[in-house]
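Chemist: pasted the sequence and its predicted model underneath.
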Amino acid sequence: MIHIYSGETISFDINYKKRKSMGIYIDLYGNIEVQAPKGTPVECVLQLLEEKWDWVQQKSKEMKERMRGPVEKVYDHGESFLYLGNAYPIQIFQDINIKKDHAVLEGEKLHIYVKQLEDEKIKQALKRFYYQQCKALVEKSIQSYQSNFKIKPRSIRISDSSRTWGTCDSNLQLTFNWKLAMAPMKVIDYVVVHEMCHMVHLNHDRSFWRLVGKIIPDYKELENWLALSSWKMTV
């Protein structure tokens, strides 16, 4: 079906099922489905869509963007990069007198200071910023949640792993992906707690997940954020 609201068009399917209330579901391709109790008037379905219109449009757009995959970054004024879940445009400054290329968050922009206006120099300055921020954010999170554990990590390391967000080895060394600095703080906290729980349970058995859930009750939602958003966490 097609519905026009506020000058925008949305395409959706209705699936009548044996259930008590209506729900809106958006699949990985951005397709929209409304599940409704049998006999629900179409007018009620349309009313629900209109009430959730902004959310539906945004989520559908996000899913379609995710399917297209990451767009290659342009290292120029105005290009946006994520930090703590928010997108910040960059502004680049050339200064041959600085000691080291670096980036810093100033107000609503990421200011990047480089000696030479080269894409690779700008990219490395950005990565350095994320490494530093990730280390500080992870350490802050560990301090916040340490009271839940009797043992402490022996060391903390930030890595460039393309496969994991975090790891904990048998020596209690915790390692975290620098791209975590792009995620909201709640997501960072979840990944930190996940790895700290591995200090107690090295595998993913029921005891492990019970401990995770005790400390971070909404951990599944935060896992879902990572699953849906990791494609745009890039430099």
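Modeler: Nice, I can see it. Numbering: from 1, shown residues only.

Chemist: surely Thr167 touches Leu174?
Modeler: Yes: judged on C-beta atoms under 8 Å, Thr167 makes contact with Leu174 at a distance of 7.3 Å. Just so you know, the C-beta spots here come from the backbone N, C-alpha and C atoms, and that holds for glycine as well.

Chemist: higher neighbour count, the two?
Modeler: Per other C-beta atoms under 10 Å, whichever of Thr167 and Leu174 has more neighbours is Leu174, with 22 against 16.

Chemist: ok now do the more buried one, which residues does it touch?
Modeler: For Leu174, the contact set (C-beta atoms under 8 Å, 6 or more residues apart in numbering) comprises 138, 142, 153, 155-157, 166-168, 192, 195-196.

Chemist: which helix or strand lies directly C-terminal to the least confident helix or strand in the chain by mean pLDDT?
Modeler: The weakest-scoring helix or strand in the chain, judged by mean pLDDT, DSSP states H and E, is helix 53-68 (a mean of 78). For helix 53-68, the following helix or strand on the C-terminal side (DSSP states H and E) is strand 80-83.

Chemist: mean confidence for that following strand?
Modeler: Strand 80-83 carries an average pLDDT of 96.

Chemist: for that strand, which positions count as buried?
Modeler: Residues of strand 80-83 classed as buried under the neighbour-count rule (16 or more other C-beta atoms under 10 Å) are 81-83.

Chemist: need those residues in TSV (columns: distance to Gln57).
Modeler: Shown next, in TSV, are the buried residues of strand 80-83 (distance: C-beta to C-beta, whole Å):
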residue	distance to Gln57
Phe81	24
Leu82	21
Tyr83	25
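
Chemist: circling back to that earlier point, from the contacts of Leu174, which is closest to Ile26?
Modeler: Ile26 lies nearest to Gly166 out of the contacts of Leu174, by C-beta to C-beta, at 28.2 Å.

Chemist: the closest one bridge partners, please.
Modeler: Going by DSSP bridges, Gly166 is paired in beta bridges with Phe176.

Chemist: next one: Thr9
Modeler: Assigned bridge partners for Thr9, using DSSP bridges, are Ile4.

Chemist: what about it, how many neighbours?
Modeler: By other C-beta under 10 Å, 8 other residues sit near Thr9.

Chemist: hang on, the earlier thing: who touches both of Thr167 and Leu174?
Modeler: Common neighbours of Thr167 and Leu174, counting by C-beta under 8 Å, 6+ apart, are Glu195.

Chemist: coming back round to it: are there helices or strands packed against the least confident helix or strand of the chain, and which ones?
Modeler: Using 3 or more C-beta pairs under 8 Å, 6 or more residues apart in numbering; DSSP states H and E, the elements in contact with helix 53-68 are strand 8-17, strand 23-26, helix 219-229.

Chemist: now the end-to-end length of stretch 19-33.
Modeler: By C-alpha to C-alpha, to the nearest Å, the extent of stretch 19-33 from end to end equals 15 Å.

Chemist: got the buried residues for that stretch?
Modeler: 22, 24, 26, 30, 32.

Chemist: before we move on, back to that, tabulate the contacts of Leu174 in CSV, adding columns for distance to Asp218 and pLDDT.
Modeler: Shown next, in CSV, are the contacts of Leu174 (distance: C-beta to C-beta, whole Å; pLDDT from 0 to 100):
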residue, distance to Asp218, pLDDT
Val138, 20, 98
Ile142, 20, 98
Pro153, 24, 97
Ser155, 29, 96
Ile156, 24, 96
Arg157, 27, 96
Gly166, 18, 96
Thr167, 23, 95
Cys168, 21, 95
Val192, 15, 98
Glu195, 18, 98
Met196, 17, 98
